[in-house]
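Asker: would you be able to build a 3D model of this:
(one chain, ligands or ions: 1)
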Amino acid sequence: MNYRHAYHAGNFADVLKHVVLALCLQHLRLKDTPFRVLDTHAGAGLFDLDGIEAGKTGEWRDGVGRILAADAPPPPPAIIDLLAPWLAAIVASNDGVADQWHRYPGSPAIAAHALRPQDKLVLSELHPSDRNSLSALFRRDEAVKVVELDGWMALRSFLPFPERRGLILIDPPYEERDELVRLPGRLAPALKRFANAMVIIWYPAKSPDAVEHLHREVQALGGLKILRADLSVGIAGDAPGLSGCGLLIINPPWTLPGQLRQLMPFLAERLAQGPDASWKVEAFGI
Ligand code: SAM
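Answerer: Residues are numbered from 1 along each chain as shown. Take a look at the predicted model:
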């Protein structure tokens with residue numbers, strides 16, 4: 001396990017993933033009935049953008065920095081509304097001080113920020129130091145459970161949720177060569193146990209064949225409501241670094257397709273690192 005998210009926290013891929021996560025959580029909050037969140041590959045929870053790791057890559061400057069830096073033009077009001085749940089989690093992670101932010105919330109902090117007294121969050125993380133960070137971050141929070149469990153095992157162990165409502169974030173590092181290819185096979189039994197789960201799967205757009213295989217296989221599971229959102233920041237093919245990523249969302253909020261069709265052109269333009277930045281949103285069974 002070499003992957004450390006601290007080097008990548010707040011990059012363009014995190015912006016897409018976390019804005020959508022926050023919108024999905026906002027939707028779950030519309031009903032008073034409790035929900036639960038399972039973050040199968042949780043990471044450290046909260047990242048210091050002034051820290052050594054973030055400073056080494058500076059990736060956040062072309063991600064959250066493009067949206068929040070003091071000299072970044074403010075997004076149009078309709079886009080600010082869509083970013084608002086994510087922005088609120090960033091402000092909360094910086095002691096409520098909006099203009100002096102240097103901490104960036106990972107998915108656990110974003111999910112924890114959305115919880116109401118009746119809701120729960122389960123975080124599985126295998127890396128010992130990231131897990132220690134999570135345990136320290138949530139030591140006083142009884143609604144949050146940090147487990148030392150393989151994320152794919154957590155997908156078996158914690159479903160269905162007792163609340164029968166909630167969200168699963170699947171955000172592995174894709175260090176195992178076949179992790180993307182194996183994903184549909186690991187997802188199928190989870191959906192059998194908990195058919196109405198909202199599921200967000202993040203994937204890197206490194207191998208177009210592997211990404212198309214993922215979508216084909218998940219659609220082949222049959223009868224699912226699926227939303228797909230792909231973002232490329234247009235880094236030239238021979239340059240280092242991730243140029244694109246996507247989200248596959250199962251049972252998305254009914255409002256999300258429209259929200260993403262508004263949001264993605266803004267993100268593609270604001271986060272572009274080359275002339276070929278692009279976006280795509282597709283809905284299946286919705
Ligand atoms: N979800 C986080 C966020 O958005 O802030 C980022 C997670 S990062 C992409 C993937 C994490 O999975 C890493 O922290 C890594 O240590 C952890 N990890 C790797 N293999 C794992 C496994 N089999 N089970 C659980 N966690 C794992």
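
Asker: the ligand contacts on the stretch 1-150 of the chain?
Answerer: 1, 3, 5, 17, 39, 41-43, 106-107, 124-127, 130, 150 (Cβ under 6 Å from any ligand atom). C-beta: built from backbone N, CA, C; applies to glycine.

Asker: which of those residues are buried?
Answerer: 5, 17, 39, 41, 42, 43, 106, 107, 124, 125, 127, 130 (16 or more other Cβ atoms under 10 Å).

Asker: before we move on, the earlier item: quick check: the farthest pair among the residues of the stretch 1-150 of the chain next to the ligand?
Answerer: Largest separation among these by Cβ to Cβ: 17 and 150, giving 20.8 Å.

Asker: contacting residues for the residue in the stretch 1-150 of the chain positioned nearest to the ligand?
Answerer: Of all residues in the stretch 1-150 of the chain, the one sitting closest to the ligand is residue 106 (2.6 Å; Cβ to the nearest ligand atom). By Cβ atoms under 8 Å, 6 or more residues apart in numbering, residue 106 lies in contact with 5, 9, 14, 42, 43, 44, 45, 46, 47.

Asker: ok, which stretches of the stretch 101-250 of the chain are helices?
Answerer: Remark: helices assigned in the stretch 101-250 of the chain by DSSP state H, counting those that start in this stretch are 107-114, 128-137, 151-157, 179-193, 208-220.

Asker: give me the buried positions along the longest one.
Answerer: The neighbour-count criterion (16+ other Cβ under 10 Å) identifies 180, 183, 184, 186, 187, 190, 191 as the buried residues of helix 179-193.

Asker: turn the residues you listed into a markdown table, including pLDDT and distance to residue 21.
Answerer: Shown next, in a markdown table, are the buried residues of helix 179-193 (pLDDT from 0 to 100; distance: Cβ to Cβ, whole Å):
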| residue | pLDDT | distance to residue 21 |
| --- | --- | --- |
| 180 | 95 | 20 |
| 183 | 97 | 18 |
| 184 | 97 | 21 |
| 186 | 97 | 20 |
| 187 | 97 | 18 |
| 190 | 97 | 18 |
| 191 | 97 | 19 |
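
Asker: nearest to the ligand, of the residues you listed?
Answerer: residue 186 (10.9 Å).

Asker: wait, doesn't that closest one sit right on residue 152?
Answerer: Yes - judged on Cβ atoms under 8 Å, residue 186 makes contact with residue 152 at a distance of 5.3 Å.

Asker: what's the burial count for residue 115?
Answerer: A total of 20 residues lie near residue 115 under the criterion other Cβ atoms under 10 Å.

Asker: pretty sure it is touching residue 122, no?
Answerer: No - if you go by Cβ under 8 Å, residue 115 and residue 122 don't touch, sitting 11.5 Å apart.

Asker: take the residues of the stretch 1-150 of the chain next to the ligand and keep only those in strands.
Answerer: Counting by DSSP state E, the part of those found in strands is 39, 124.

Asker: what's the closest of the residues of the stretch 1-150 of the chain next to the ligand to residue 253?
Answerer: The nearest member of those to residue 253, counting by Cβ to Cβ, is residue 17 at 15.7 Å.

Asker: excluding chain neighbours, what is closest to that closest one?
Answerer: Nearest residue to residue 17, sequence neighbours excluded (Cβ to Cβ, 6 or more residues apart in numbering): residue 202, at 5.0 Å.

Asker: neighbours of residue 61, how many?
Answerer: 14.

Asker: on the pLDDT front, check the residue lying closest to it once chain neighbours are set aside for me.
Answerer: Nearest residue to residue 61, sequence neighbours excluded (Cβ to Cβ, 6+ apart): residue 69, at 7.6 Å. What the model reports for residue 69 is a pLDDT of 86.

Asker: for residue 103, give me its contacts.
Answerer: 46, 47, 48, 49, 93, 94 are the contacts of residue 103 under Cβ under 8 Å, 6+ apart.

Asker: sounds good, over and out.
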